[in-house]
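Novice: what follows is a predicted protein model with its sequence.
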Amino acid sequence: MQAIRCVNYGAPSTLTLEDLPDPAPGRGQVVIETEAAGLGYVDALLVAGLYQVKTPLPFTPGSEVAGKVVALGEDAPAALMGKRVMALSPVGALAEKIALPAATCIPVPAIMSAEAAAGFIVSYCTALYGFETCGHLKPGETVLVLGAAGGVGMAAIDVAKAMGATVVAAASTEEKRKAAVARGADFAIDYTAPDWRKTLEPLTGRRDVDLVYDPVGGDMSETAFRCLAPGGRHLVVGFAAGDIPRIPLNLPLLKRSSIVGVDWGGYVRADPAANIPLLRTLTDWASEGRINPEPSASFPLAQAPSVLQRLLDRESIGKPVIHFRQ
Ligand SMILES: NC(=O)c1ccc[n+]([C@@H]2O[C@H](COP(=O)([O-])OP(=O)(O)OC[C@H]3O[C@@H](n4cnc5c(N)ncnc54)[C@H](OP(=O)(O)O)[C@@H]3O)[C@@H](O)[C@H]2O)c1
């Protein structure tokens, strides 16, 4: 089988496309023939060796996979054979086949394409966990999504709209703002412009927002926090800008607002069963057409390095997915 390999930490251009032996399923495992693999900013950091946890070399990048079960290990449920499933794995998704514990495989709803499923679990579960469990979002509230045209941002727009929010998308280019509005955002603002806070009121009729969804960090976070109305919630999701902001502690007091960490990965590691209701809600919403998790673009395996480079270069729009069809 073909797989993308990271032999040394570095730029995505150092990744290689190699022929590897097919994986054999261990006890309780299945082998998935990969149809699609989702990519995100975190994958580019892992390849660079810059993520909090370093993956031992060499490895096959990619943590989100969708495909068909083609082999069963001892004790794996026979009912999974031939089924289309989606799953998360620490690494290994950028390969034509991957062996994973059967318990981590989730059936793909009939309505969802393999590409949609591969880009679904991380970004959509993070959004629902963030808005529902951490942010207590209520219908009619206004949400400001930073980095709104990124993979995590686009899912946040979709989920916030499904929960009845008004969504303001913040993004750096006209092309990204158009993509965020096409995804369902009610308004879009350029948060790289000076005094961008002042652009909220002419657009929305309000000077403030109820929630901030923040996968960006850096200089944007404090200004976004200052946009909150009393009772507001700033959801800390990630730091794609690189810098971790340090917000003065008098601000939450003066704004009567909270800063809430959204560590969906940690939440699921602590209690894997806790993700089941999130996934059930999201797959129901997808089946009902309340959310539309189709990725923005799909690329062949050989282009995975350039897809990762575009994420690092802030050029990617939406959730990029690698497809394995010929
Ligand atoms: N908390 C969780 O459980 C969880 C789960 C998944 C991901 N995350 C985190 O969420 C963040 C976003 O991931 P993603 O996959 O959505 O990434 P992405 O597709 O690259 O989107 C990130 C967005 O951040 C903005 N940005 C600002 N400065 C940037 C810079 N210097 N380099 C790159 N992007 C920059 C860009 O929008 P503009 O150009 O419009 O500014 C970009 O669209 C990552 O930090 C990731 O670790 C957290």
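Specialist: It's in.
Novice: and this structure, which of its residues are near the ligand?
Specialist: Within the chain, the positions near the ligand by CB under 6 Å from any ligand atom are 40-42, 122, 126, 147, 149-153, 171-172, 176, 215-216, 237-242, 262-265, 311, 314, 316. The C-beta positions use only the backbone N, C-alpha and C, and glycine is treated the same way.
Novice: P90: what's it in contact with?
Specialist: Residues near P90 by CB atoms under 8 Å, 6 or more residues apart in numbering: T55, S63.
Novice: can you start the count at 49 instead of 1 from here on
Specialist: Sounds good: first residue 49 from here, last item P138.
Novice: any idea whether it is helix, strand or coil?
Specialist: Here P138 is coil, with the state taken from DSSP: H, G, I helix; E, B strand; the rest coil.
Novice: give me the pLDDT for I159.
Specialist: pLDDT recorded at I159 is 88.
Novice: same question, D256
Specialist: 97.
Novice: that one contacts A272, doesn't it?
Specialist: No: here D256 lies out of contact with A272, judged by CB atoms under 8 Å, at a distance of 10.9 Å.
Novice: when those two are compared, which one has more neighbours?
Specialist: A272 (24 against 18; other CB atoms under 10 Å).
Novice: before we move on, which element is that one in?
Specialist: helix 268-274 (DSSP states H and E).
Novice: after that helix, next one along is what?
Specialist: Following helix 268-274 toward the C-terminus (DSSP H and E): strand 276-284.
Novice: ok, I365 touching L359?
Specialist: No: judged on CB under 8 Å, I365 makes no contact with L359 at a distance of 10.4 Å.
Novice: buried ones in the helix holding A272?
Specialist: Across helix 268-274, burial judged by 16 or more other CB atoms under 10 Å covers M268, S269, T271, A272, F273, R274.
Novice: with stretch 186-202 instead?
Specialist: Neighbour-count burial for stretch 186-202 [16+ other CB under 10 Å]: 189-202.
Novice: now stretch 302-322
Specialist: K303, S305, I307, V308, V310, D311, W312, Y315, V316.
Novice: the nearest residue to S220 once chain neighbours are set aside - how many residues pack around it?
Specialist: The shortest distance from S220 to any non-neighbouring residue, by CB to CB, 6 or more residues apart in numbering, is to T240 (4.8 Å). Number of residues near T240 (other CB under 10 Å) recorded here: 12.
Novice: swap in G121?
Specialist: G121 - counted by other CB under 10 Å - has 16 other residues nearby.
Novice: any idea how far the ligand is from it?
Specialist: In this view, G121 and the ligand are 29 Å apart by CB to the nearest ligand atom, to the nearest Å.
Novice: so who does that residue touch?
Specialist: Here G121 is in contact with A72, P73, G74, R75, G76, Q77, V78, A147, A150 (CB under 8 Å, 6+ apart).
Novice: one more time with 7 Å
Specialist: Counting by CB atoms under 7 Å, 6 or more residues apart in numbering, G121 touches P73, G74, R75, G76, Q77, V78.
Novice: in a markdown table: the residues you listed, plus pLDDT and neighbour count.
Specialist: Listed next are those as a markdown table, based on pLDDT from 0 to 100; neighbours: other CB atoms under 10 Å:
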| residue | pLDDT | neighbour count |
| --- | --- | --- |
| P73 | 97 | 21 |
| G74 | 97 | 15 |
| R75 | 98 | 10 |
| G76 | 97 | 15 |
| Q77 | 97 | 23 |
| V78 | 98 | 27 |
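Novice: strands along the stretch 49-198 of the chain, start to end?
Specialist: 50-53, 64-67, 77-86, 112-120, 132-136, 145-149, 154-155, 190-193 (DSSP state E, counting those that start in this stretch).
Novice: beyond the last one, next helix or strand please.
Specialist: Beyond strand 190-193 in the direction of the C-terminus, DSSP H and E gives the next helix or strand as helix 199-210.
Novice: residue ranges with poor pLDDT in the protein?
Specialist: 374 (pLDDT under 70).
Novice: the residue in it that the ligand sits nearest to: what's it in contact with?
Specialist: Nearest residue of the chain to the ligand: G198, at 2.0 Å (CB to the nearest ligand atom). Shown in contact with G198 (CB under 7 Å, 6+ apart): P263, A288, S364.
Novice: touching, the first one and V193? I think so.
Specialist: No: at 8.5 Å, P263 does not count as touching V193 under the criterion of CB atoms under 7 Å.
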